[in-house]
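**Q** Everything below, folded, please.
(one chain, ligands or ions: 1)
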Amino acid sequence: MYSPDANNTTGSVAVVGAGVVGLCTALEAQRNGYQVTLIDRDAPGLGASFGNAGYLATELIDPLSTGKTLLSALSMWLNPHGPLALPLSYIHRILPWLLRFVFAAYPKVADHGRRTIHQLNQASVPAWRRCLKDIEADGQLIQSGYLLVWESADKLEDARQHARYLREWGITTRLIRGEELAEMEPELAGRVSHALYFPEAYQVRDPYQLCMQLFSAFQARGGQFVQQSVNALLPIENAVRLQTPSTALRFDQAIVCAGAWSKQLLQSTGLEVPLEAERGYHLTIKAQHIKLNRPIGSAERRFVMSPLDSGIRVVGMTELGGLKLKPIKRRFDSLRYHCRKLITSLNDPSLEISEWMGHRPTLPDSLPVIDRHPDYPQLLFAFGNQHLGLTQAAISAEMVVNLMAGEPSANDLEPSANDRKQSAIDRGPFRVDRF
Ligand SMILES: Cc1cc2nc3c(=O)[nH]c(=O)nc-3n(C[C@H](O)[C@H](O)[C@H](O)COP(=O)(O)OP(=O)(O)OC[C@H]3O[C@@H](n4cnc5c(N)ncnc54)[C@H](O)[C@@H]3O)c2cc1C
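**A** Next up is the predicted model:
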């Protein structure tokens, strides 16, 4: 439970970026006694954290780059409604990143990534519980379960194989077919052959609402918010200066949580990280009469639909197009095409649909950076959680703040470690200079 002690602050900290990772980090730093200022060029929660599916995808343990994904990449790219897009105007810019991405599929690298993502994902729901209980927002987290569906009956063995694979990692699923499936999700009736049900899966009620709850708690605890763009981070003796267009702000320490934009900020401190923006798209459909009971993913069409407080959210696409390109309209059309194939009632032209595109922060090995600057220990980083930034936000926040506070990592744990320490994870794989 949060218990501020006004006489015992551990110094001032700036958290740059008020997405879900920055918001969780700012709160966690407050819990540890720091005076925290959150800085964002926009209002909080309007980056990638605004428009995600709200699903805690703990079963997604494979890194994005594996032999399997590389083999299917060309067919995904050539399919006009496929999940992968690579705008021609950006190809020359992304080539170095793509080369690293291909190398990350090397089995030893991918296996290491898989073990690390699994460890992080396993710790993610308990970390969210701690965070939300502390701010009395437990109701935001729902054990909704998740359905991964297949339309083609001849893909039954694919589902069985996937279930066996996940079981090896301790992830429980159940094969569902026929009437049981229709009862669980009546809207899918007649469209889907079979599904894997994940009974232990969680979603949040609404990702933007969640960001607002985190932000309110942060402010209620005395946190300051500054709406300014940070142009550069300048380490000075035992402190850091943040340069904005109009002023310079001084803090004892700073944590960069600027999502897909973190690369530019790190460059101002002499660090190069191969971070790319993986653009993803969403539709939010106001349709109170169409009821989904849980998030649903399509294994064949590769998109996800979630029932959120703001409507039915349909998310998908991986578009390697950088930070500047405007959203491409036909991607929204592809999402419309796919969700209407699965849920025919979504064909209703009178439904109110909003469109959005956001930038997932992704490194070639699919692992985030959670680390200190190698030369300036007053600068820390928590970014790069790719498709799993909502899932991993609370645990990433705990890890980076533990690091700032000099708490032990999993490597140092005693067998009798208390609950708090058990949430610690070996930070080695998340080093900023691992590339
Ligand atoms: C379509 C889609 C669906 C997704 N679905 C899921 C899902 O279901 N589950 C899941 O776990 N993840 C999902 N994700 C991924 C997840 O949304 C992201 O990984 C996560 O939101 C990243 O959070 P963040 O705080 O790191 O970045 P952001 O939310 O992007 O926040 C970064 C913030 O930094 C600010 N900023 C950047 N540069 C500066 C600067 N120089 N000065 C000041 N401020 C700056 C930005 O304005 C922004 O507010 C999805 C992503 C997309 C696009």
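
**Q** what packs against the strand or helix carrying residue 69?
**A** Per DSSP states H and E: residue 69 is located in helix 67-78. Counting contacts by 3 or more Cβ pairs under 8 Å, 6 or more residues apart in numbering; DSSP states H and E, helix 67-78 packs against strand 84-85. For every residue, glycine as well, the C-beta is placed using N, CA and C.

**Q** How about the strand it packs on and the ligand, any contact?
**A** No: using Cβ under 6 Å from any ligand atom, strand 84-85 never reaches the ligand; the gap is at least 13.0 Å.

**Q** quick revisit: please save the CA atoms from the helix holding residue 69 in PDB.
**A** C-alpha atoms of helix 67-78 as PDB (Å, rounded to 0.1, in the frame of the first residue of the first chain):
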ATOM      1  CA  GLY A  67      12.200 -19.500 -38.400                       C
ATOM      2  CA  LYS A  68       8.400 -20.000 -38.700                       C
ATOM      3  CA  THR A  69       7.600 -16.200 -39.000                       C
ATOM      4  CA  LEU A  70      10.300 -15.700 -41.600                       C
ATOM      5  CA  LEU A  71       9.000 -18.600 -43.700                       C
ATOM      6  CA  SER A  72       5.500 -17.200 -43.700                       C
ATOM      7  CA  ALA A  73       6.500 -13.500 -44.100                       C
ATOM      8  CA  LEU A  74       6.500 -13.400 -47.900                       C
ATOM      9  CA  SER A  75       3.000 -14.900 -48.200                       C
ATOM     10  CA  MET A  76       1.700 -12.500 -45.400                       C
ATOM     11  CA  TRP A  77       3.200  -9.500 -47.200                       C
ATOM     12  CA  LEU A  78       1.800 -10.500 -50.700                       C
END
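
**Q** average pLDDT for stretch 76-89?
**A** Stretch 76-89 carries an average pLDDT of 85.

**Q** Next, name the residue at the spatial heart of this structure.
**A** The chain has residue 389 as the residue nearest its centroid, 1.4 Å off, counting by Cα atoms, centre = their mean.

**Q** Tell me how far that one lies from residue 429.
**A** As judged by Cβ to Cβ, to the nearest Å, residue 389 and residue 429 stand 17 Å apart.

**Q** centre of the chain versus stretch 276-288, how much separation?
**A** Relative to its parent chain, stretch 276-288 has a centroid offset of 14 Å by Cα atoms, centre = their mean, to the nearest Å.

**Q** And it, what's buried?
**A** Neighbour-count burial for stretch 276-288, counted by 16 or more other Cβ atoms under 10 Å, picks out 276, 277, 278, 279, 280, 281, 282, 283, 284, 285, 287.

**Q** Just checking, which of those comes out lowest on pLDDT?
**A** Within those, pLDDT is lowest for residue 287, at 91.

**Q** So it versus residue 345, what's the distance?
**A** When residue 287 is compared with residue 345 (using Cβ to Cβ), they lie 8 Å apart.

**Q** Okay, now the sheet partners of the helix or strand containing residue 314, with direction.
**A** According to DSSP H and E, residue 314 maps onto strand 311-319. The pairing partners recorded for strand 311-319 under DSSP bridges are strand 84-85 (parallel), strand 276-286 (antiparallel), strand 303-308 (antiparallel).

**Q** Quick check: phi and psi at residue 269.
**A** Main-chain dihedrals, residue 269, degrees, to the nearest 10: phi -110, psi 10.

**Q** Show me the helices in the stretch 251-400 of the chain, by range?
**A** Applying DSSP state H, counting those that start in this stretch to the stretch 251-400 of the chain gives helices spanning 262-267, 329-342, 389-405.

**Q** re earlier: wait, does the strand holding residue 314 make contact with the ligand?
**A** Yes: contact of strand 311-319 with the ligand (Cβ under 6 Å from any ligand atom) involves residue 315.
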